[in-house]
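1. Quick one, what's the 3D model for this:
(2 chains)
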Amino acid sequence: QKEVEQNSGPLSVPEGAIASLNCTYSDRGSQSFFWYRQYSGKSPELIMFIYSNGDKEDGRFTAQLNKASQYVSLLIRDSQPSDSATYLCAVSYAGGTSYGKLTFGQGTILTVHP
Amino acid sequence: DGGITQSPKYLFRKEGQNVTLSCEQNLNHDAMYWYRQDPGQGLRLIYYSQIVNDFQKGDIAEGYSVSREKKESFPLTVTSAQKNPTAFYLCASSPRLGQPQHFGDGTRLSIL
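-> Just a heads-up that it's a prediction; the model follows:
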């Protein structure tokens, strides 16, 4: 069973701070990594994806991937109250019968307080 | 605008009844997916299709069926065999299998 683990939180940070969200995965054959944001009662929205080791930045968001340690993280700089949501980590696999399928973590609830 | 349309937004099922959830996309994506989300949980894959006239079971396919007769459409039927159907159902699509997926607004299904 391929597993994706996230700390369910809630993670509470003050406005303007850096929020750090972490995700670990069990299968070393994992190929692609995605972060989704989900507001309460809404569908998930793709924020970032990363394929290679290292950092990928997009505006206030940075995804970090370390395949050797099997973790992927999302940093949100200058956090705003509008960033308050559940953040879902998802992992897809390179081969076999699981090719291209996403496995989701249970999500981390982030609260940014003024 | 291009996107994924799910309907209805809310659906109620009676005992022993089959219901069908609609998913249509105009993004010209080859791959489409159905997920189920229970409160406080992540998404679990029900079925996926990488091309017209082809689909594969996901992790929780029992009690569900799908068809993919057109590229744009991937309807999901929740059969009476699914004993705990109350959940938030999400349809997604991507250009190819394994590429970033984008989601519709979802359908909330409840038991009467």
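
2. Go ahead and confirm B:Y64 touches B:I46.
-> Yes: under the criterion of C-beta atoms under 8 Å, B:Y64 makes contact with B:I46 at 5.2 Å. Quick note: C-beta positions are derived from backbone N, CA and C, even for glycine.

3. More neighbours: which of those two?
-> Comparing B:Y64 with B:I46 by neighbour count (other C-beta atoms under 10 Å in any protein chain shown), the higher total belongs to B:I46, at 26 against 21.

4. Which neighbouring elements make contact with the helix or strand harbouring that one?
-> In this assignment (DSSP states H and E), B:I46 forms part of strand B:43-51. In terms of contacts (3 or more C-beta pairs under 8 Å, 6 or more residues apart in numbering or on different chains; DSSP states H and E), strand B:43-51 is packed against strand A:102-104, strand B:31-37, strand B:54-57, strand B:64-66.

5. what sits against A:G105?
-> Applying C-beta atoms under 8 Å, 6 or more residues apart in numbering or on different chains, we find A:G105 in contact with A:4-6, A:23, A:88-90, B:42.

6. pLDDT weak spots in the chain?
-> Since no chain was named, I'll use chain A. For chain A, applying pLDDT under 70 flags the ranges A:1-2, A:95-97.

7. Sorry, I should have been clearer: chain B.
-> Applying pLDDT under 70 to chain B flags residues B:1.

8. Around chain A, which positions in it sit nearby?
-> Counting by C-beta under 8 Å from any C-beta of the partner chain, the residues of chain B close to chain A are B:31, B:33, B:35, B:40-45, B:48, B:50, B:58, B:90, B:96-98, B:100-106.

9. Which of the helices and strands packed on strand B:43-51 sits closest to A:P81?
-> Between A:P81 and the helices and strands packed on strand B:43-51, the shortest gap by C-beta to C-beta is with strand B:31-37, which sits at 24.2 Å.

10. one step back: contacts for the strand holding B:I46 next, please.
-> With C-beta under 8 Å, 6+ apart as the test, strand B:43-51 has contacts from A:44, A:88, A:90, A:100-104, B:30-37, B:55-61, B:64, B:66, B:68, B:74, B:76, B:90, B:96-97.

11. rerun that using 6 Å as the cut-off
-> The contact list for strand B:43-51 (C-beta atoms under 6 Å, 6 or more residues apart in numbering or on different chains) reads A:104, B:30-37, B:55-56, B:58-61, B:64, B:66, B:68, B:74, B:97.

12. how about CSV for the helices and strands packed on strand B:43-51, with distance to B:I4 added?
-> Formatted as CSV, those follow (distance: least, C-beta to C-beta, whole Å):
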stretch, distance to B:I4
strand A:102-104, 16
strand B:31-37, 9
strand B:54-57, 17
strand B:64-66, 15
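
13. Which of those sits closest to B:S7?
-> For B:S7, the closest of the helices and strands packed on strand B:43-51 is strand B:31-37, at 14.0 Å, according to C-beta to C-beta.

14. which helices and strands does that closest one pack with?
-> Secondary-structure packing of strand B:31-37 (3 or more C-beta pairs under 6 Å, 6 or more residues apart in numbering or on different chains; DSSP states H and E): strand B:43-51, strand B:87-94.

15. All set now, cheers.
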